[in-house]
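**Q** I need the structure of the sequence given here:
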Amino acid sequence: MATSLSQTTLDELADLERDFEEVEKKITRQHYCLSKPLYARLADLTARIPNIWGRMLKQALIDLDEYIQTSDLELLSHSLKSLSVTRFEIDADEKKGDPRSVAIRFEFANNKYFKDTVLEKRFWWRQNKYGFAGLVSEPVEIEWKKGKDLTDGRLGLTKAAFDEQQAKPDQELTGKRRALEEKIDETDIRDVSFFDWFGYIGEYISAEESRTVIDKEKEERRRRKVSRAQP
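**A** Predicted coordinates:
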């Protein structure tokens, strides 16, 4: 006859899962710190190869075709100078930074589409009180040259809607948000640019909310551990 698990056992399993996560974080942190000099050497070597990113993109075109427009490919193939991934929280604080947070950095040569030379998309690992834990981001603004916006205004609207929502957190549907939804509704999915990706947000969670949830969870785990240690 099957018996239900006690709450104590369920709590122990949940705590054990968190312990495994902590081990994974330590491994990721150590691997990143040890491999940073190697990636620096790799970046130096790839910088010596003419148009390396254009060549790589063309080789990967079969897999990327449905995600990249012709204009995207033209820009990336001819103007992308370097592409790198960093764990920016560790770079800022090697001991306390979350190794799961990542930044993807694109460096561009002068081009006819935008004025920026660097575009960096950051993803923070955060957690909310409803149980979600994962990567969240914020829109990245691109300074498009006149008439060259590959997102047809969607990225700019996404950034404006996000900023307005941060300023008016209690308002469910702001004016900019409504305009963005209308813009998306009238957009053919086949016309979406790779650069729309810079507007990705995900399940947005503020740093303060995440820190509060994580601190509370740590304290609850600590109390359970103390309780289990008692005879």
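**Q** Contacts only, for the residue most central in space within the chain.
**A** Geometric centre of the chain, nearest residue: residue 123, 2.5 Å, by CA atoms, centre = their mean. Counting by CB atoms under 8 Å, 6 or more residues apart in numbering, residue 123 makes contact with 101, 102, 103, 104, 135, 136, 137. From N, CA and C alone the C-beta is placed, and that goes for glycine too.
**Q** you'd agree it is in a strand?
**A** Yes - counting by DSSP: H, G, I helix; E, B strand; the rest coil, residue 123 falls inside a strand.
**Q** ok, and the closest non-adjacent residue to it?
**A** Among residues not flanking residue 123 along the chain, residue 135 sits closest, at 4.1 Å (CB to CB, 6 or more residues apart in numbering).
**Q** on that earlier part again, buried subset of the contacts of residue 123 as a ChimeraX selection?
**A** Applying 16 or more other CB atoms under 10 Å to those, the buried members can be selected in ChimeraX as follows:
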select :101,102,103,104,136,137
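**Q** just the contacts of residue 123 now: which is nearest residue 200?
**A** Ranked by distance to residue 200 (CB to CB), the contacts of residue 123 are led by residue 137 at 5.4 Å.
**Q** before we move on, the earlier item: state whether the residue nearest to residue 123 is indeed within a strand.
**A** Yes - under three-state DSSP, residue 135 sits within a strand.
**Q** Verify the contact between it and residue 125 for me.
**A** Yes - taking CB atoms under 8 Å as the definition, residue 135 is a contact partner of residue 125 at 5.9 Å.
**Q** tell me, what's touching these two both at once?
**A** Common contacts of residue 135 and residue 125 (CB under 8 Å, 6+ apart): 100, 101.
**Q** relative to strand 133-137, how tilted is the longest helix seen in the chain?
**A** Using DSSP state H to define each element, the chain has its longest helix at helix 7-46. Computed by axes from the mean of the first three to the mean of the last three CA atoms, to 10 degrees, the angle separating helix 7-46 from strand 133-137 equals 40 degrees.
**Q** which parts of stretch 156-167 are buried?
**A** For stretch 156-167, a neighbour-count test (16+ other CB under 10 Å) marks 156, 157, 158, 159, 160, 161, 162, 165 as buried.
**Q** Quickly name whichever of the residues you listed is closest to residue 177.
**A** Of all those, residue 177 sits closest to residue 161, with 4.5 Å by CB to CB.
**Q** Below-threshold pLDDT in this structure: ranges please.
**A** For the chain, the stretches with pLDDT under 70 are 1-4.
**Q** Run through the helices of it in chain order.
**A** Using DSSP H, helices in the chain cover 7-46, 52-59, 61-64, 70-79, 88-92, 154-167, 175-185, 207-229.
**Q** Please identify which of the ones you listed is closest to residue 110.
**A** helix 70-79 (7.5 Å).
**Q** still on that earlier bit, identify the farthest-apart pair in the contacts of residue 123.
**A** The most widely separated members of the contacts of residue 123, counting by CB to CB, are 104 and 136 (14.4 Å).
**Q** give the contact list for the closest residue to residue 124 other than its chain neighbours.
**A** Nearest non-adjacent residue to residue 124, counting by CB to CB, 6+ apart: residue 101, 4.9 Å away. Residue 101 is in contact with 87, 88, 89, 122, 123, 124, 125, 135, counting by CB under 8 Å, 6+ apart.
**Q** do the same with residue 205
**A** By CB under 8 Å, 6+ apart, residue 205 lies in contact with 126, 127, 128, 132, 136.
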